[in-house]
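Asker: Following is a predicted model, sequence given first.
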Amino acid sequence: MVSDYKLTPNEKNVLIALDELRTADPGELARKAGMKVETAMQAAFLLDENGLARVDEAVTETYELTDEGKRYADEGLPERQIIDALSEPTSMDELKEMFPPPVVGIATGWLRRKGWASIEKGMVVPTGNAELSDDEKVLGRFGDMARTIGELEAGPGLIKDILKRKLITKNEDKCRLVSITSQGLEVVAAGIKVEEEVAQISSEMLKSGQWKDMKFRSYNIQTPPRHIYGAKVHPYQRLIDQMRRIFLDMGFTEIKGEIVQSSFWNFDSLFQPQDHPAREMQDTFHLSSRSELPLEYKDKVCAMHEHGGDIDSTGWGGNWSEEIACKDVLRTHTTALTIKYLSDNPEPPVKAFSIDRAYRRETIDPTHTPEFEQLEGVVMDKDMSFANLLGCLKEFYHRMGFEDVRFRPGYFPYTEPSVEPEVYVDGLGWVELGGAGVFRKEVTEPLGIKYPVLAWGLGVSRLAMLKLGLKDLRLLYQSDIDWLRKSPVCQL
Ligand SMILES: N[C@@H](Cc1ccccc1)C(=O)O
């Protein structure tokens, strides 16, 4: 048994109060023990842990009248209002003149159900028996207060019917009850001495020697401390920063750019045909604004699309429309940024990356959001080869902690060859993480780029899901405080 010397003065006072009350709600208990409710409950929980008291949680359900319910409680239910006004068979049309049509609509069904009237050939015929019905009795018992089902003297079926009519709402109130256990009673019976305990020693006490006669509160090193959650960087931002760091460490320059891009930079400069399905309304956010087309490139891009320009290519054929190219879109990939950057910086070497948002018309689900981050990068230099591309991506994924990386053949209108990098994750297998390739001549030539360009666009949120063990990527954007607190700062 727990002997009383281990109890704090608050626990002792609460126990003494409980000895008299036996069972009490927090307010009562605090009043009796002469302390604040929080202090009393803190002590009650400690007593509960030691088996001297019990804290129970109970849920009380109460019901309250809605505005409509209040009105009917005063004026009578629609069926009551109607039956009181009828002395003889009356047609529905007449009723609708006497009462607002919604009231008539609601009432007729109930008139029949309650046996107050029958409906015969469009006429409402009173049966002559319209005693106070159970639901009316219940409505009458509220008197403008929240009531329990017991106070309302109603069965669950009746309450359900009235809830369905939206005349009342249900509230659930949680309340606690503290009661003393037999062990607690024994402790009180054995006698409790309440002594002030000192939690902190002061220099005064030391100087005066007072401390010798004082009782000090002992430490309980078993009590789990309250969790303290320090401020920290959002886990998703932390991963983004880590990816950025890796590319900066590898000697890349970070580039930034506009979210709104012309179709020219988002699609045409990347040799994406103007009838490409990705350009359709259902895939892309189209804007009503337009941009000027860059004079130095537009004719060359046009020639490349229409007939392959001056290189050994057939182009896509047909007419390339300036009208389509100047329409603005929310960038559907960050490749729009890298291609523009390359056209501004055609001299080798170029090593650039961006980590930023892209926008596509996706229906939101656990693995899709209309806004998402991409990690885009390009390397342009003399003698760059496809093997350099694979090496670069492998290095990145290794630095992100993925040991096994492989590449599957892919297709993008702007790269040849094209690949889709995949990493191996225990329990999931190979997971695809974006696209990469070497820019086609059809892309580089009109922009005056003379050397091979290695390019990639990687999914960032997918990588974050893998690193953070998430099944739903929406969590990355929702700032769920509980998840944020629990997510560790160091990922192993
Ligand atoms: N832009 C492509 C990725 C990609 C970028 C660069 C080269 C090849 C592919 C996408 O969004 O899916």
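Answerer: Yep, that arrived. Numbers count the residues shown, from 1 in each chain.
Asker: Please parse this structure into its domains.
Answerer: Residue ranges for the domains of the chain, per automatic domain parsing: 1-58+167-225, 64-166, 237-486.
Asker: ok, the longest one near the ligand or not?
Answerer: Just to be clear, that refers to domain 237-486. Yes - using CB under 6 Å from any ligand atom, domain 237-486 reaches the ligand at 333, 335, 412, 415, 434-437, 455-457. Bear in mind the C-beta positions are built from the backbone N, C-alpha and C, glycine included.
Asker: and those residues, which of them are in strands?
Answerer: 415, 434-437, 455-457 (DSSP state E).
Asker: Distance to Ile228 and neighbour count added to those, as CSV?
Answerer: Output for those, formatted as CSV (distance: CB to CB, whole Å; neighbours: other CB atoms under 10 Å):
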residue, distance to Ile228, neighbour count
Thr415, 50, 25
Gly434, 39, 21
Gly435, 44, 22
Ala436, 44, 25
Gly437, 49, 23
Ala455, 46, 25
Trp456, 42, 25
Gly457, 41, 22
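Asker: picking up where we left off before, as CSV, the residues of domain 237-486 next to the ligand with distance to Lys137 and pLDDT would be great.
Answerer: Below are these laid out as CSV (distance: CB to CB, whole Å; pLDDT from 0 to 100):
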residue, distance to Lys137, pLDDT
His333, 67, 96
Thr335, 72, 97
Phe412, 73, 95
Thr415, 77, 97
Gly434, 68, 93
Gly435, 70, 96
Ala436, 75, 98
Gly437, 77, 98
Ala455, 77, 98
Trp456, 74, 98
Gly457, 70, 97
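Asker: Tabulate the residues you listed (TSV), appending distance to Ile201.
Answerer: Formatted as TSV, these follow (distance: CB to CB, whole Å):
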residue	distance to Ile201
His333	66
Thr335	68
Phe412	73
Thr415	74
Gly434	63
Gly435	68
Ala436	67
Gly437	72
Ala455	69
Trp456	65
Gly457	65
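Asker: in stretch 430-449, what counts as buried?
Answerer: Across stretch 430-449, burial judged by 16 or more other CB atoms under 10 Å covers 431, 433-447, 449.
Asker: ok, which stretches of the stretch 101-250 of the chain are helices?
Answerer: All helices of the stretch 101-250 of the chain, identified by DSSP state H, counting those that start in this stretch, fall at 101-113, 134-140, 156-164, 182-189, 203-208, 235-249.
Asker: Which residues does the first one contact?
Answerer: Same thing as helix 101-113. The contact list for helix 101-113, computed with CB atoms under 8 Å, 6 or more residues apart in numbering, reads 77-79, 81-83, 92, 95-96, 99, 117-119, 124.
Asker: show me where pLDDT drops low in the protein?
Answerer: Across the chain, the ranges flagged by pLDDT under 70 are 1-5, 491-492.
Asker: okay if I get the contacts of helix 101-113 as TSV plus secondary structure, neighbour count and distance to Lys394?
Answerer: Formatted as TSV, those follow (DSSP: H, G, I helix; E, B strand; the rest coil; neighbours: other CB atoms under 10 Å; distance: CB to CB, whole Å):
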residue	secondary structure	neighbour count	distance to Lys394
Leu77	coil	23	75
Pro78	helix	21	74
Glu79	helix	26	77
Gln81	helix	16	79
Ile82	helix	26	80
Ile83	helix	22	83
Met92	helix	14	79
Leu95	helix	19	81
Lys96	helix	14	78
Phe99	coil	17	78
Ala117	strand	25	82
Ser118	strand	13	83
Ile119	strand	14	79
Val124	strand	24	82
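Asker: so Leu476 sits right up against Ser461, yeah?
Answerer: Yes - if you go by CB atoms under 8 Å, Leu476 and Ser461 touch, sitting 5.9 Å apart.
Asker: Pick the most deeply packed of the domains of the chain.
Answerer: Of those, the one with the most neighbours on average (mean count of other CB atoms under 10 Å) is domain 237-486, at a mean of 17.
Asker: First-to-last residue distance for it?
Answerer: Distance across domain 237-486, first residue to last, is 16 Å (CA to CA, to the nearest Å).
Asker: Who are the contact partners of the residue of the stretch 251-400 of the chain found nearest the ligand?
Answerer: Closest residue of the stretch 251-400 of the chain to the ligand, CB to the nearest ligand atom: His333 (3.5 Å). By CB under 8 Å, 6+ apart, the contact set of His333 is 266, 358, 374, 376, 457.
Asker: Now render these as CSV, adding secondary structure.
Answerer: Formatted as CSV, these follow (DSSP: H, G, I helix; E, B strand; the rest coil):
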residue, secondary structure
Asn266, helix
Ala358, strand
Gln374, strand
Glu376, strand
Gly457, strand
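Asker: Distance to Met243 added to those, as a markdown table?
Answerer: A markdown table is the format used below for these (distance: CB to CB, whole Å):
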| residue | distance to Met243 |
| --- | --- |
| Asn266 | 23 |
| Ala358 | 15 |
| Gln374 | 11 |
| Glu376 | 11 |
| Gly457 | 13 |
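Asker: among the ones in strands among the residues of domain 237-486 next to the ligand, which two are most distant?
Answerer: Thr415 and Gly434 (12.1 Å; CB to CB).
Asker: what's near enough to touch Pro417?
Answerer: So Pro417 contacts 386, 409, 437-438 (CB under 8 Å, 6+ apart).
Asker: and if we set it to 7 Å?
Answerer: For Pro417, the contacting residues are 386, 437-438, by CB atoms under 7 Å, 6 or more residues apart in numbering.
Asker: name the element Thr62 belongs to?
Answerer: When elements are assigned from DSSP states H and E, Thr62 belongs to strand 53-65.
Asker: same question, Val301
Answerer: Val301 belongs to helix 295-307 when assigned by DSSP H and E.
Asker: Look up how far Tyr63 lies from the residue lying closest to Asp56 once chain neighbours are set aside.
Answerer: The shortest distance from Asp56 to any non-neighbouring residue, by CB to CB, 6 or more residues apart in numbering, is to Leu177 (4.9 Å). Leu177 is 22 Å from Tyr63, where distance means CB to CB, to the nearest Å.
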